[in-house]
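**Student:** Pasted the sequence and its predicted model underneath.
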Amino acid sequence: MIPVQQDHVVTTIENIPAETVPASPTLLQRIKKVFNRQLLLSLALGQVLSFLLCGIGLTSKYLADDFHANTPVFQSFLNYILLFLVYTTTLAVRQGEENLLAILKRRWWKYMILGLIDIEANFLLIKAYQYTTLTSIQLLDCFVLPVVLLLSWFFLLVRYKAAHYVGVGVCLLGVGCMIGADVLVGRQQGMGDHKLLGDLLVLAGATLYGISNVCEEFIVKNLSRVEFLGMIGLFGSFFSGIQLAIMEHKELLKVRWDWQIGLLYVGFSACMFGLYSFMPVVIKRTSAAAVNLSLLTADLYSLFCGLFLFHYKFSALYLVSFFIIVLGLVLYSSSSTYVAQDPRVYKQFRNTAAPVTETPIAGPLEPSVTYTSLGQETEEEPRVRVA
């Protein structure tokens with residue numbers, strides 16, 4: 001037999017293409033990945049809401065302190081009337097299923113409950129200033145954050161990562177620094193005569209705010225922004241008008257009307273209307289939790305304005321708390337949340353005429369949609385598509 005010589009191919013490291021060896025991202029690339037355009041835009045939009053909330057606080061302070069106009073229900077009533085004139089009338093002229101009568105026919109009682117929740121949330125928090133201190137209100141008002149997180153977890157099926165909890169914790173640390181600065185400079189406005197009652201009012205108002213914000217997020221992401229604002233304007237103006245006639249008609253008669261107090265009411269209404277109109281835009285882009293984290297800086301903007309308008313004392317801790325809150329916002333927004341289930345499966349809020357029935361699982365696999373904190377969509381593991 002003649003032996004057959006076999007050729008052996010020797011593979012060296014030079015034969016491997018350089019593209020197959022992944023290069024680790026540099027520090028600059030990682031920073032650019034976190035501080036992208038979407039993140040910066042979301043942070044900026046959140047601060048616009050904080051500026052509007054600051055304007056609401058400043059005009060309310062001028063009305064209460066300088067003109068002795070304690071009319072929180074009337075102030076909210078003006079905002080609801082504006083919402084009614086702009087958004088409810090828009091729904092009235094629409095055609096089809098987006099018409100006002102069609103919406104009322106399908107889900108009027110749900111919007112009625114939501115309107116009552118929104119009215120009483122505003123009333124309870126403003127009322128709390130008569131009984132407790134500003135420091136307690138700033139601290140207990142943060143209770144809205146766990147309420148929003150829990151309701152989003154159970155009802156919107158949003159799932160959070162460790163970065164989100166760390167971001168919330170850092171924001172709360174910034175609030176703690178702000179409260180500590182208030183104590184150091186002696187800035188603790190508020191009567192504090194019935195502190196326990198005031199604290200309970202703040203907790204109740206924060207809980208109602210959390211419920212309202214989560215409902216708002218669901219509606220603007222699954223229905224429409226105009227529908228939410230139009231129905232809030234309709235039921236808000238109706239029920240706040242009744243509350244105004246019962247509780248505040250005597251206080252309203254005591255107001256000494258002139259051009260200054262009229263201008264303050266106009267400024268308050270403009271800021272409140274802008275906040276209500278713009279908040280659904282930001283919530284649809286981010287989430288209710290991210291918006292409430294952004295609003296934590298509103299007290300600091302009010303303070304910085306108060307340095308010039310009301311001669312507040314300054315502390316370097318205020319600047320430290322501002323940067324800590326912004327850092328917490330960045331940490332929260334840098335990571336994406338995801339939905340545990342397709343939101344279309346539990347969209348019973350539409351309350352259509354046909355009953356919701358279980359459908360058999362069939363069809364090819366499709367990637368599930370993940371909603372990030374910036375409103376972006378990414379792909380996760382495949383799931384079975386519901387036919």
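**Tutor:** Great, that's in hand.

**Student:** in the helix or strand encompassing Gly262, what's buried?
**Tutor:** Gly262 is part of helix 259-285, with elements assigned from DSSP states H and E. By neighbour count on 16 or more other Cβ atoms under 10 Å, the buried set for helix 259-285 is 261, 264-265, 267-277, 279-280, 282-285. Yep, even glycine has a C-beta here, placed from its N, CA and C like the rest.

**Student:** For that helix, name the packing helices and strands.
**Tutor:** helix 37-61, helix 72-83, helix 195-222, helix 225-247, helix 288-294 (3 or more Cβ pairs under 8 Å, 6 or more residues apart in numbering; DSSP states H and E).

**Student:** Switch these over to CSV; also include mean pLDDT.
**Tutor:** As requested, these are exported to CSV (pLDDT from 0 to 100):
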stretch, mean pLDDT
helix 37-61, 87
helix 72-83, 93
helix 195-222, 91
helix 225-247, 94
helix 288-294, 92
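
**Student:** quick one, which of those is packed in tightest?
**Tutor:** Stretch with highest mean neighbour count among the helices and strands packed on helix 259-285: helix 288-294 (a mean of 27; mean count of other Cβ atoms under 10 Å).

**Student:** Starting from that one, tell me the next helix or strand along the chain.
**Tutor:** Next along from helix 288-294, by DSSP H and E: helix 298-309.

**Student:** Over that following helix, what's the mean pLDDT, rounded is fine.
**Tutor:** Here helix 298-309 scores 82 as its mean pLDDT.

**Student:** Distance from that helix to the middle of the chain?
**Tutor:** Remark: helix 298-309 is offset 21 Å from the chain centroid, using Cα atoms, centre = their mean, to the nearest Å.

**Student:** for it, which positions count as buried?
**Tutor:** Buried-residue list, helix 298-309, by 16+ other Cβ under 10 Å: Ala298, Asp299, Leu300, Tyr301, Ser302, Leu303, Phe304, Cys305, Gly306.

**Student:** what sits against the fourth one?
**Tutor:** Spelled out, that is Tyr301. By Cβ atoms under 8 Å, 6 or more residues apart in numbering, the contact set of Tyr301 is Ser50, Phe51, Cys54.

**Student:** closest one to Gly167 among the helices and strands packed on helix 259-285?
**Tutor:** helix 288-294 (7.3 Å; Cβ to Cβ).

**Student:** Go ahead and confirm Cys54 touches Leu303.
**Tutor:** No: counting by Cβ atoms under 8 Å, Cys54 does not reach Leu303; the two are 9.2 Å apart.

**Student:** Below-threshold pLDDT in this structure: ranges please.
**Tutor:** The chain contains residues with pLDDT under 70 at 1-35, 134-135, 187-193, 341-387.

**Student:** State the number of residues packed around Tyr318.
**Tutor:** Tyr318 sits with 22 neighbouring residues when counted by other Cβ atoms under 10 Å.

**Student:** let me redo that: Leu63
**Tutor:** 21.

**Student:** is it true that it touches Leu263?
**Tutor:** No: counting by Cβ under 8 Å, Leu263 is not a contact partner of Leu63; they are 10.6 Å apart.

**Student:** State whether Thr89 is indeed within a helix.
**Tutor:** Yes: residue state for Thr89 (DSSP: H, G, I helix; E, B strand; the rest coil) corresponds to a helix.

**Student:** and the residue lying closest to Phe310 once chain neighbours are set aside, how far is that from Phe67?
**Tutor:** Leaving out its chain neighbours, the residue that sits closest to Phe310 by Cβ to Cβ, 6 or more residues apart in numbering is Lys61, at 7.7 Å. Computed as Cβ to Cβ, to the nearest Å, the Lys61 to Phe67 distance reads 10 Å.

**Student:** next one: His249
**Tutor:** Separation of His249 from Phe67 (Cβ to Cβ): 18 Å.

**Student:** Who has more neighbours out of those two?
**Tutor:** Between His249 and Phe67, Phe67 has the larger neighbour count (other Cβ under 10 Å), namely 17 against 11.

**Student:** Just give the nearest non-adjacent residue to that one, would you?
**Tutor:** Ile261 (5.0 Å).

**Student:** Over to Val170?
**Tutor:** Gly328 (3.4 Å).

**Student:** Asn292 is in contact with that neighbour, correct?
**Tutor:** No: contact criterion Cβ under 8 Å: Gly328 and Asn292 do not qualify, at 11.8 Å.

**Student:** hang on, the earlier thing: the residue nearest to Val170: neighbour count?
**Tutor:** 22.

**Student:** ok, now which ones touch it?
**Tutor:** Gly328 neighbours (Cβ under 8 Å, 6+ apart): Gly167, Val168, Gly169, Val170, Cys171, Leu172, Leu173, Gly174, Leu293.

**Student:** One more pass at 10 Å, please.
**Tutor:** Val166, Gly167, Val168, Gly169, Val170, Cys171, Leu172, Leu173, Gly174, Val175, Leu293, Leu296 (Cβ atoms under 10 Å, 6 or more residues apart in numbering).
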